[in-house]
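*Asks:* please find the sequence and the predicted model below.
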Amino acid sequence: MNSRNLLLLLSGEKIIQHIAVTVAFALNLKGIRSTVAVNYQILMYLGLIIGVLYLASFILIKNNSVNGRTLLASMALADVLGEFYAQGRLDIVITILFIVAITILVVIAYANLRCRHG
């Protein structure tokens, strides 16, 4: 699988993930609101915005726009930082959200290195 297709797959996962978490916060599924260290509404709205931006990056990557990878990397970095914010600590519990975001950053960095060094 080439890096473009892998990034499409990973960004698709992030879109679904952000929709699911936004709905979970809105409906307080399984008491999710009590699991975060900050106001859940902030996370819910930021998650919705980031989900929409993941969708935009998906579309840009699908259309072979160079801006798609930049946007995707920015959203993945926002997810990593957001996980620390949501948990309110530095020794966070590693979540799927965190692992996928780091994977996106690694794939983009690797693809950039391959492009530079042929």
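*Replies:* Thanks, I have it. Numbers count the residues shown, from 1 in each chain.
*Asks:* secondary structure class for residue 64?
*Replies:* The three-state label given to residue 64 by DSSP: H, G, I helix; E, B strand; the rest coil is coil.
*Asks:* number of residues surrounding residue 38?
*Replies:* Look at residue 38: counted by other CB atoms under 10 Å, it has 11 neighbours. Quick note: C-beta positions are derived from backbone N, CA and C, even for glycine.
*Asks:* ok, it touching residue 87?
*Replies:* No - Residue 38 lies out of contact with residue 87 (CB atoms under 8 Å); the separation is 9.1 Å.
*Asks:* OK, contacts around residue 9?
*Replies:* Counting by CB atoms under 8 Å, 6 or more residues apart in numbering, residue 9 touches residue 1.
*Asks:* need the per-residue pLDDT for the most centrally placed residue in the chain.
*Replies:* The C-alpha lying nearest the average C-alpha coordinate of the chain belongs to residue 76 (CA atoms, centre = their mean; 4.3 Å). At residue 76, the pLDDT value in this model is 96.
*Asks:* cool, and the one 3 residues further on?
*Replies:* Reading off the per-residue confidence, residue 79 sits at a pLDDT of 93.
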